[in-house]
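Q: structure of the sequence below:
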Amino acid sequence: MTIVVSVKVTDGIVLAADSTATFLDNSRQPPVKIRNNAHKIFNLVEVSPIGAMAYGTGGIGSASVATLTEDLRQRLASDPTYVLGGGAYTVEEVTKKARAFLFDDVYLKTYPTPIPTFMMGYRVCGYSADASLPEIWEFIIHGATCIGPYEIQSPAEFGIRWAGENEALDRLLRGATGGIKEMLVAHGYTENEVQDIYLEMFAKLRTGFELPAMPIQDAIDVSGFLVELSTKFAQFGPGPAMIKGFTEIAAITKNEGFQWVVRKHSYGDELNSCASDDSGLYSDNLSRDLADRESP
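A: You can find the predicted model right below:
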């Protein structure tokens, strides 16, 4: 019911996400509430080149993940328990503190008896202090456990990573979806054989849109295309259209830090200057004013 995409190149990281999020109702059980105006990309540490993106359940208790991230950002700036260590911070350290806040301080206190169906992924992207290349870390809250933080991409690794409603991008970029594993098992292959076949298919059928030396503008275009593709696939493909709304995009570079490329506002141009942002990270087809655009 959501899609987030990160594209990591030598010039930086681009984050892109749709606006659909699911929220538990007051009984903490399905049916969930689906909202199409959620924010999933965040400028996590305002003075540092670090951002975050979330997928899965859109909030904890009565607070959205956007509100919780703002609370986290304030703690990282002023709370002695959370404040970063001057010029010696790492992306891993930021991710661990995000996990401590969201899981230990908020989730476990909000739900003393954790919800088995709850799932929220939180991905932290950016540069450690004085680092020349970016990195990506993530943790996942699932039921009563929190998996991670673990490294998605080290500074030396590049490429596209996606999470959420994976079907469309698995088909396009991997060449096959996870459903192929179930089919092979049903035909009598062992689990080890299935894994070997799947990895071979991925190696031979994968589509590479990205190169390490890709300019950040091209990474912006790729990330926006992939989110829009997933949105349209969900809209016109089988089953209910669960991915909707606008696409937000941000870029993180070493020298310019976190910069919005496309951002949804709840008010018009006369009250915000998004359209006149001087970051330079713009695409003709993506850098458009979304203030008055209605979610489908």
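Q: quick one, helices of the stretch 101-250 of the chain?
A: 108-110, 167-169, 179-186, 191-205, 216-236 (DSSP state H, counting those that start in this stretch).
Q: check which element follows the helix or strand of the chain with the lowest mean pLDDT along the chain.
A: When the helices and strands of the chain are scored by mean pLDDT, DSSP states H and E, strand 33-35 comes last with a mean of 64. Once the chain leaves strand 33-35, the next helix or strand it forms, by DSSP states H and E, is strand 41-45.
Q: residues contacting that following strand, please?
A: 4, 15-17, 50-54, 66, 69-70, 72-73, 76-77, 84, 94, 98, 124, 126, 248-250, 258, 260 (C-beta atoms under 8 Å, 6 or more residues apart in numbering). To be clear about C-beta, it is placed using only N, CA and C from the backbone, and glycine gets the same treatment.
Q: list the contacts of the nearest residue to residue 66 once chain neighbours are set aside.
A: Of all residues not flanking residue 66 in the chain, residue 39 sits nearest, at 4.4 Å (C-beta to C-beta, 6 or more residues apart in numbering). By C-beta under 8 Å, 6+ apart, the residues touching residue 39 are 19, 64, 66, 248, 264.
Q: on that earlier part again, now mean pLDDT and distance to residue 154 too, for the helices of the stretch 101-250 of the chain, in CSV please.
A: As requested, the helices of the stretch 101-250 of the chain are exported to CSV (pLDDT from 0 to 100; distance: least, C-beta to C-beta, whole Å):
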stretch, mean pLDDT, distance to residue 154
helix 108-110, 93, 30
helix 167-169, 83, 22
helix 179-186, 82, 27
helix 191-205, 78, 20
helix 216-236, 88, 18
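Q: closest to residue 130 out of the ones you listed?
A: helix 216-236 (20.3 Å; C-beta to C-beta).
Q: pull out the buried positions in that closest one.
A: 216-231, 233-234 (16 or more other C-beta atoms under 10 Å).
Q: repeat for stretch 191-199
A: Result for stretch 191-199 [16+ other C-beta under 10 Å]: buried residues 194, 198.
Q: give me the distance from that stretch to the chain's centre.
A: Computed by C-alpha atoms, centre = their mean, to the nearest Å, the chain-centroid distance of stretch 191-199 equals 28 Å.
Q: secondary structure element for residue 52?
A: Assigned by DSSP H and E, residue 52 falls in strand 50-56.
Q: neighbouring strands for that strand, and are they parallel or not?
A: In the sheet, strand 50-56 lines up against strand 41-45 (antiparallel), strand 119-126 (antiparallel) (DSSP bridges).
Q: how about CSV for the helices of the stretch 101-250 of the chain, with distance to residue 43 added?
A: Shown next, in CSV, are those (distance: least, C-beta to C-beta, whole Å):
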stretch, distance to residue 43
helix 108-110, 25
helix 167-169, 25
helix 179-186, 37
helix 191-205, 34
helix 216-236, 16
